[in-house]
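> how would this look folded up:
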Amino acid sequence: LPVEHQTEDDFPETTKNEIKQFEQHQNLNRVQDDQALEDEEHYLSETDHLLRQKRAQNWFNGKTDTNSGSAREAFRKAKDQNGIPRSKKPVQQYYVPDKHDPKKNLRQYDYINSYGEKISIRKDIPTKFPDGGHQGPHYNAGPTGGKLKQHHNFPSRRG
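Numbering: from 1, shown residues only. So this is what the prediction gives:
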């Protein structure tokens, strides 16, 4: 889900503890003067920022694989789960060699998400492994420079 459609219940193990910690913030009980009100507004934005950072960390844990009906839908899900607005254009796009067949190139897109983090999305082609395994077409996504752990699968155009 895009960040604006997520609730605390989407990440209960992380956000409830953080909210409890911030509820103990001393400025929440002082609303007598203007400074306290400004501090409270700062508290809310700081809490929101920390919760969004924690959600971003959860997205990169490899447990966010998705299945889609088309390549376009899979690409949208990869952008949504990594905090990239759908309308945002890539900072750059280029080809990287496929690690299973270096003669084939894979298209990779680099973005900067809404939190200032560098994110890469790579379109992988279907692969048959020597041990008999098979992996269909998908997008890999994750932090730029690291292993792209997310898989956003879509059906092959060739049945």
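
> Could you check the pLDDT of the residue nearest to residue 150 when sequence neighbours are not counted?
Closest residue in space to residue 150, ignoring its immediate chain neighbours: residue 141 at 4.3 Å, by Cβ to Cβ, 6 or more residues apart in numbering. Where C-beta positions appear, they are placed from N, C-alpha and C, glycine not excepted. Predicted confidence (pLDDT) for residue 141: 93.

> go on, residue 138?
94.

> That one bridge partners, please.
residue 124, residue 153 (DSSP bridges).

> Next, count neighbours for it.
A total of 24 residues lie near residue 138 under the criterion other Cβ atoms under 10 Å.

> pretty sure it contacts residue 127?
No - the pair residue 138 / residue 127 is not scored as a contact, 9.8 Å apart, by Cβ atoms under 8 Å.

> Give the other helices and strands that the helix or strand harbouring residue 74 contacts.
Using DSSP states H and E, residue 74 sits within helix 71-81. Helices and strands touching helix 71-81, by 3 or more Cβ pairs under 8 Å, 6 or more residues apart in numbering; DSSP states H and E, are strand 66-67, strand 118-124, strand 138-143, strand 150-153.

> I'd like to know which elements the third one is packed against.
For strand 138-143, the packing partners by 3+ Cβ pairs under 8 Å, 6+ apart come out as helix 71-81, strand 118-124, strand 150-153.

> Out of the ones you listed, which gets nearest to residue 96?
strand 118-124 (6.9 Å; Cβ to Cβ).

> The helix or strand just after the closest one - contacts with which helices or strands?
Following strand 118-124 in sequence order, the next helix or strand is strand 127-128 (DSSP H and E). Secondary-structure packing of strand 127-128 (3+ Cβ pairs under 8 Å, 6+ apart): strand 134-135.

> Strand partners (parallel or antiparallel) of the strand it packs on?
strand 127-128 (antiparallel).

> The strand it pairs with - what's its average pLDDT?
82.
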